[in-house]
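# mind folding the following:
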Amino acid sequence: MASSVRFTVTPIKAEDLPDTSPDISSRSSARVRFGSRESMNRSEASGGATTSPERSHLEHGDSGVKLSSVYINNSNGIDDDDFYDRNLALFEEEMDTRPKVSSLLSRLANYTNLTQGAKEHEEAESIGEKRKSSKSPQMGTFMGVYLPCLQNIFGVILFLRLTWVVGTAGVLQALCIVFICCCCTLLTAISMSAIATNGVVPAGGSYFMISRSLGPEFGGAVGSCFYLGTTFAGSMYILGAIEILLMYMAPGAAIFVSDSPDGEAAAMLNNMRVYGSIFLVLMSLLVFVGVKYVNKLASVFLACVIVSILSIYIGALVSAFSPPSFPVCMLGNRSLSQHELKDGHCAKTLPMLREPPLDAANGSESFNGTDAPPVTAAAALEKTTDLWRHFCNSSELSATCDEYFQHNNVTQIQGILGLASGVIAENLWSSYSAKGDVLERGEHHSSHRPAVSNHFPYVFADITSSFTLLIGIFFPSVTGIMAGSNRSGDLKDAQRSIPIGTILAILTTSLVYLSCVVLFGSCVEGVVLRDKFGDSVKGNLVVGTLSWPSPWVIVIGSFFSTCGAGLQSLTGAPRLLQAIAKDNIIPFLRVFGHGKANGEPTWALLLTAVLAELGILIASLDLVAPILSMFFLMCYLFVNLACALQTLLRTPNWRPRFSYYHWTLSFLGMTICLALMFISSWYYAIVAMVIAGMIYKYIEYHGAARFALLRLEEGPPHTKNWRPQLLVLLKLDEDAHVKSPRLLTFASQLKAGKGLTIVGTVISGNFLQTYGEALAAEQTLRLLMEKERVKGFVQCIVAQKPREGISHMIQSSGLGGMRHNTVVMGWPHAWRQSEDPQSWKTFINTVRVTTTAHLALLVPKNIPLFPSNSEPCADGFIDVWWIVHDGGMLMLLPFLLRQHKVWRKCAMRIFTVAQMEDNSIQMKKDLATFLYHLRIEAAVEVVEMHNSDISAYTYERTLMMEQRCQMLRQMRLSKSDREKEAQLVKDRNSMLRLTSIGSDEDEDTDGAGDRSAEHRRVHMTWTKDKTLQLRSNTHTHTASCCSTPEGFRDMLNIRPDHSNVRRMHTAVKLNEVIVNKSHDARLVLLNMPGPPKNPEGDENYMEFLEVLTEGLERVLLVRGGGSEVITIYS
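Next comes the predicted model:
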């Protein structure tokens, strides 16, 4: 035993050393402390300084020193009980891989320190800056989610195009357009809220949501579409700002001016391109210099939006009492552009002797019903106006004029009729037009409709309008719902704030849009609503004519809000591209993952600016809007798809804290998104889908995966998609009946029909002779699986030794990536009464095999008492005793069981153990926080275990265990020796029988026995001396003197091994608190301690597990596979 480590029991004072008598009471007054040689040496090397348990544990892990065992004798007797907790001695061998809860709980509760998913949690800015560790996110729902969503949703379309949409589609169809678009975003927000509250959403927003839900192929494809949509949104906002600048703020700033009406459109496009490029460069430089400046300006831009919208509502209310004066000049039913009327007179002729009134020049006097005078000599005293010269190509009264001009009168109407005017009745219906059509008032068109020249000062339609086009143009005004989820790291309570803030923002903006549609239709003349650029109202912004107190409120407010939205797009898009590039799923984008020292995505910003320039070169707001609508709709489509699939597949990690979702709503949202894509622009929809499909296939071939099973070989699934794939080990009796069929019942309750299940058994014997039995066993298992409604596969292995067969099954079951990750096996009942030690030795060997294979292990104890599928628990608790952290299996299993009808009504309680040095109050807070992030509803309790002295009962129990083990060992050795003597006589007569020397019991003890057997087989001649020598070697590792009666008498005087006393103390103390707290629980889940590294302690290990679980009706011993199976990340 020189290769093992033993802990000694030493009193505090050297003079208080107890005598060697086994009297326990004489030692009860001394405080018992434990130490190890490694910890003692480390204490001496550090100058005798004491270290905390956590620091000692970390130093031990970092130094690379691993304890080979815990059975080495510590002769130095240094007090260092801080290295291992006496109350957790059963778990101390694996503390380097399975740390105690108290040492990790504070880091687990603070999700930013978690190793699992930390790579995904990229900071948006200031990576290199020092951040105060004490500063926690404090943004609430209003400031953190609601206002950012409002700022991103309200945009350029509201101010520049909504009046035109209402006038063209009519109030009813405009309401329909707004309602469909808002329903689409609301359903998407519900799905997004479910995904966002299913854990922490790092920077990257929808990209991380989809890639972690549907895989990197979908995530990369949709993330790329979302990136392109955000980039083109920046182009659209810049174009909107330039349109406001050149049309309404400073028309004289135009660089390109056309003398001919035919070239006006082209000149305007060129102006948009030049100024747009200048704005793009300036904004990109601002973003490059620092995002903090953009964030500081965000509140100013948001204030501009809110003030502008309020001015619209106030103006609409004021118009009911005193409508503002914005006269519109009409020729018959056709509206005239007052830009073209240089003299400002809305008349054909004017009297020469009478000067026109001053207010008439200003357009304040109404000339309703005024007839034009006939062109005769009697009217020679009248002079012609600028309007006459446009239609007659001459200022002479006798000139030949346009036919429509001759047959219709010039009138002047008010553009803003007011809320009480009843004009909404005329604006209810649609009035679509083709490109080049003259805007006409009402439904009664002129009887004379010849081809109209664009040289006349009419207001012309610049684009062919239709219901589908208007949807594509309006939809960008409802995007921006992801703003809250992208800020989850800054929120005080993200899982509460994101759903409430996002949905409230969508409801608010929807209400604003719907009410604005009604207000515009109720206050503004229809021909003015259809005038996109306000030519009929002297070039005023149409929505500005309704605002109070001045149109400049809207003009200035909308300009700054569109500039702010453009800056936000140029800030968010590069970070999204950087997140995609850092995932390394699209190789050629890898360079865009790099940036400045503080994390600013410099290269990604450069690419974003180049792509935004492409949008600006299009130069038309109406052509850019449908493009980004496609990309946003595709992104929203896949958010809905991700939520629906997660809900239908019931993945174990799908536990959204937001509960008001359903897969039917997600499918409805997905259907609306798909319909809107093809309704607004079917060719853009096809292009967007082709782009997404090409990126998907590119990632599939070059980045994330290969094909089918080969793809599964690439690596383990992401933690959030982990679910138990079971290998259930069943044992058959002599009649080929399953001994514990309830084990399969429990497996079916755990799986609920999802995932992979393999049911396996091992038959002892030779495969050549027992093939028929193997087929019968498979048939028996299949019938049992049908009865329990378990879907899966059956595997039966024939092996000479059951333990070898189980080992082979654990190694070889499954195909490719479709392999089990969890083993379920029964507890060896009556192992104490069995003369044959093979049952519990096979059990322990299986535990070691699963640990080596990094598989999880579930051992239900008292399995006959577990409920069947027809016996649901009406109430009660599922208690989890979380002693050490082993990947989160203890958290995940109760959640999975409660999905089944049998356990659905059971509440969940989680207990953890606090030592003397732990802060139990803080532990409880941290555990509650951690469970909140995991979206698990459970009562939390921290049980304090004081460092009490080892009781007399513990010593007595340990002594009885060791005496029993020694006695059984002596009995088995005596029987084995007799068999060997008889075997030696036979082997002298036959060399062919030589290879069968040594029973299975000898081979199964340990490796030394196997080597002795091999050594024994090579001798041809046996002598008495060699036999005695061999027997002496065999007895050395069993710690027994001989097989004589004197040996039995010596055995009764042995003192209990101190390491066994410590382990028994752990088992007794833990059992006391577990029985005290969970005696009425329906099921108790408990960390299963690992078997000792020294195989000689195997029988003691079984006794420890028995003591640990005494007095509990149903126990599930759980052992993690060494990897995380549960995560707080979305």
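
# now do the closest residue to A939 other than its chain neighbours, the pLDDT please.
Computed as CB to CB, 6 or more residues apart in numbering, the closest residue to A939 that is not its neighbour in sequence is R909, at 4.6 Å. C-beta coordinates here come from the backbone N, C-alpha and C atoms, glycine included. Per-residue pLDDT puts R909 at 92.

# same deal with the one 10 residues further on?
N919 is assigned a predicted lDDT (pLDDT) of 81.

# where does the prediction get shaky in the stretch 301-450 of the chain?
Scanning the stretch 301-450 of the chain for pLDDT under 70 picks out the ranges 352-380, 443-450.

# where along it do the helices fall?
Assigned helices in the stretch 301-450 of the chain, in chain order: 358-361, 386-392, 403-407, 424-427 (criterion: DSSP state H, counting those that start in this stretch).

# now, of those helices, which is deepest in the fold?
helix 386-392 (a mean of 20; mean count of other CB atoms under 10 Å).

# who's in contact with that one?
By CB atoms under 8 Å, 6 or more residues apart in numbering, the list of residues contacting helix 386-392 from outside reads 329, 331, 336, 340-343, 345-349, 384, 395, 399-402, 405, 410, 455-457.

# buried subset of those?
Neighbour-count burial within these applies to 329, 331, 336, 340-341, 345-349, 384, 401-402, 405, 410, 456-457; the criterion is 16 or more other CB atoms under 10 Å.

# next step: these restricted to strands.
C329, L331, T349, T384, V410 (DSSP state E).

# how much space separates L491 from S485?
Distance of L491 to S485, computed by CB to CB, to the nearest Å: 10 Å.

# Y660 - how many residues pack around it?
Residue neighbour count, defined by other CB atoms under 10 Å, stands at 11 for Y660.

# and for K538, the neighbour number?
Residues lying near K538 (other CB under 10 Å) number 18.

# for it, report the pLDDT, please.
So, for K538, pLDDT stands at 82.

# list the contacts of the nearest residue to M889 once chain neighbours are set aside.
Leaving out its chain neighbours, the residue that sits closest to M889 by CB to CB, 6+ apart is G1120, at 4.6 Å. Contact analysis of G1120 by CB under 8 Å, 6+ apart lists R98, A856, D886, G887, G888, M889.

# just to revisit the earlier point, tabulate the helices of the stretch 301-450 of the chain in CSV, adding columns for distance to Q963.
Output for these, formatted as CSV (distance: least, CB to CB, whole Å):
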stretch, distance to Q963
helix 358-361, 119
helix 386-392, 120
helix 403-407, 119
helix 424-427, 99
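
# quick one on the thing from earlier: and the contacts of G1120, which is closest to R655?
Distance to R655, by CB to CB, is smallest for G888 among the contacts of G1120, at 12.6 Å.

# the closest one touches G1121, doesn't it?
No. Between G888 and G1121 there is no contact under CB atoms under 8 Å: 10.7 Å.

# okay, now the domains of this protein?
Split into domains by the TED database, the chain comes to 147-323+457-702, 717-871, 873-991+1058-1129.

# what stretches of the stretch 151-300 of the chain score poorly on pLDDT?
Checking the stretch 151-300 of the chain against pLDDT under 70 turns up 200-206, 209-210, 213-214.

# buried deepest among the domains of the chain, which one?
Buried most deeply of the domains of the chain, by mean count of other CB under 10 Å, is domain 147-323+457-702, with a mean of 21.

# so how far is stretch 1089-1106 from its chain's centroid?
40 Å (CA atoms, centre = their mean, to the nearest Å).

# re earlier: which one of the helices of the stretch 301-450 of the chain lies closest to L172?
Comparing the helices of the stretch 301-450 of the chain by CB to CB, helix 424-427 comes nearest, at 9.4 Å.

# hey, C-alpha coordinates of that closest one in CSV?
C-alpha atoms of helix 424-427 as CSV (Å, rounded to 0.1, in the frame of the first residue of the first chain):
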residue,chain,number,x,y,z
ILE,A,424,-62.4,61.1,-43.3
ALA,A,425,-65.4,59.8,-45.3
GLU,A,426,-63.6,60.8,-48.5
ASN,A,427,-60.3,59.4,-47.4
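
# residues making contact with it?
Here helix 424-427 makes contact (CB under 8 Å, 6+ apart) with V166, G167, G170, V171, G442, E443, V518, G521, S522, V524, G526, L529.

# then stretch 433-442?
Here stretch 433-442 has contacts from 168, 330, 333-335, 413, 426, 446, 452, 454, 458-465, 525-527, 530-531, 536, using CB under 8 Å, 6+ apart.

# which ones among those lie within strands?
M330, R334, S335, I413.

# and the gap between S1078 and I413?
83 Å.

# now do stretch 793-807, average pLDDT.
On average, the pLDDT along stretch 793-807 is 87.
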